[in-house]
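K.L.:
Whatever this is, show me its structure:
(one chain, ligands or ions: 2)
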Amino acid sequence: MEKDAKIYVAGHRGMVGSAIVRQLEKEGYTNIITRTHKELDLCRQDAVEEFFAKEKPDYVFLAAAKVGGIMANSEALADFMYDNMVLEMNVIHEAWKNGCKKLMFLGSSCIYPRMAPQPMKESCLLTSELEKTNEAYALAKISGLKYCEFLNRQYGTDYISVMPTNLYGPNDNYHPEHSHVLPALIRRFHEAKEAGLKEVTCWGTGTPLREFLYVDDLADACVYLMNHYSGNETVNLGTGKELTIKELTELVAKVVGYEGEIKWDSTKPDGTPRKLLDVSKLEGLGWKYKTELEEGIRLTYDDFLHNPMRAER
Ligand SMILES: NC(=O)C1=CN([C@@H]2O[C@H](COP(=O)(O)OP(=O)(O)OC[C@H]3O[C@@H](n4cnc5c(N)ncnc54)[C@H](OP(=O)(O)O)[C@@H]3O)[C@@H](O)[C@H]2O)C=CC1
Ligand SMILES: C[C@H]1O[C@H](OP(=O)(O)OP(=O)(O)OC[C@H]2O[C@@H](n3cnc4c(=O)[nH]c(N)nc43)[C@H](O)[C@@H]2O)[C@@H](O)[C@@H](O)C1=O
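P.N.:
Ligands and ions are numbered 1, 2, ... in the order given. Model (predicted):
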């Protein structure tokens, strides 16, 4: 990407989009364009057509999506499918119609089969059944990555997709029921510490395994791959390291300074039992994560305490 090229970051007020804008600014890109959800509803085809016809961005990072944790996903399957499918099709299609040189589509590691061999390689896509708690979201994300691939194959575009593992960091969503596990734990342990509670209850059994990538590392990888990768196959973005949810709760409690007991509510869903990305393709392209989990949680807790824009989407 040329430093003065017009770059549209969709979803710039979200956790990922805001980190991509920070990274682009840090690397000296000078012509970044953004629109809030209120200014431009990406599910509205007419509005998206008008925006792209007027602005004609050279490059697009598609980091806008309807996003949520395990409960939000499983309770609103229809909404997660419709909003994400329509939004992706509108943005990718209008980018192509208006001559966008390169687009990056952000998916998620939940696109891979529930029982995929671990760690999961890019090639295991569509080899067996999806996890039910996020099936709708995964199908929408698979459609987005396939639409990029099909545009490349039919029209010779250079549209790429990346599949991040579970992310966390500044500007995350701290809604008590709708958020992902890491922000949920930060908030729960912080509030328990403040209230002097002797015990807190977390969801599921604590046995599922997850991998976590700090969002500023993710943004660094996105800008790096936009400049160094072309291809139809997606690229996994992760650390290649995992821990159990129980181990994660202990780590977050330590960082937050909560010393009470941790209990488990097994009526809440565990989701997929294990979700570890194979990051050998990413590392082969010359990129590796920098922020270790404990350090990332410290940075995120600091943001939780001091960011006046803290969201509860
Ligand atoms: N968070 C995670 O753990 C992971 C995220 N990802 C991917 O990264 C991307 C960004 O996620 P993340 O930053 O966490 O999510 P956020 O919810 O923090 O941000 C999403 C952004 O998209 C905007 N948006 C949603 N719908 C629309 C719409 N119809 N029109 C315009 N803007 C819209 C939201 O605006 P508003 O809030 O105003 O609705 C918000 O600013 C997504 O594609 C997601 O799939 C992938 C793997 C893991
Ligand atoms: C990024 C990814 O995120 C989702 O998939 P998930 O990895 O299952 O996400 P999660 O972060 O919500 O949960 C991880 C684990 O943690 C446990 N857990 C404990 N206590 C809390 C808790 O308080 N909140 C939450 N949310 N989970 C908790 C929870 O029971 C589960 O075992 C999908 O949206 C999917 O579409 C997607 O892309």
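
K.L.:
from here on, contacts and neighbour counts on C-alpha atoms
P.N.:
Noted.

K.L.:
Show me what from the stretch 151-300 of the chain comes close to ligand 2.
P.N.:
166, 179-181, 184-185, 202-204, 208, 245, 269-271 (CA under 6 Å from any ligand atom).

K.L.:
List the residues that contact Thr300.
P.N.:
168-170 (CA atoms under 8 Å, 6 or more residues apart in numbering).

K.L.:
ends of stretch 249-267, how far apart?
P.N.:
Stretch 249-267 has an end-to-end distance of 18 Å (CA to CA, to the nearest Å).

K.L.:
How about residues contacting it?
P.N.:
With contact meaning CA under 8 Å, 6+ apart, stretch 249-267 is reached by 182, 185-186, 189-190, 192-193, 197-206, 294, 297-298, 301.

K.L.:
So Thr244 sits against Gly204, correct?
P.N.:
No - taking contacts as CA atoms under 8 Å, Thr244 lies outside contact range of Gly204: 11.7 Å.

K.L.:
where do the helices sit along this structure?
P.N.:
Shown for the chain, the helices assigned by DSSP state H span residues 15-26, 45-55, 70-75, 77-97, 135-155, 181-195, 215-228, 245-256, 280-284, 293-306.

K.L.:
when you scan the third one, is anything in it near ligand 1?
P.N.:
No - shown here: helix 70-75 not in contact with ligand 1 (CA under 6 Å from any ligand atom), separated by at least 10.6 Å.

K.L.:
is ligand 2 contacted by that helix?
P.N.:
Yes - for a cut-off given as CA under 6 Å from any ligand atom, helix 70-75 has contacts with ligand 2, namely 70, 73.

K.L.:
Quick check: buried residues in that helix?
P.N.:
Using 16 or more other CA atoms under 10 Å as the test for burial, helix 70-75 gives 70-74.

K.L.:
Rebuild those as JSON lines, extending it with pLDDT.
P.N.:
As requested, these are arranged in JSON lines below (pLDDT from 0 to 100):
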{"residue": "Ile70", "pLDDT": "97"}
{"residue": "Met71", "pLDDT": "97"}
{"residue": "Ala72", "pLDDT": "97"}
{"residue": "Asn73", "pLDDT": "97"}
{"residue": "Ser74", "pLDDT": "96"}
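
K.L.:
Just name the closest of those residues to ligand 1, please.
P.N.:
For the buried residues of helix 70-75, the closest approach to ligand 1 (CA to the nearest ligand atom) belongs to Ile70, at 10.6 Å.
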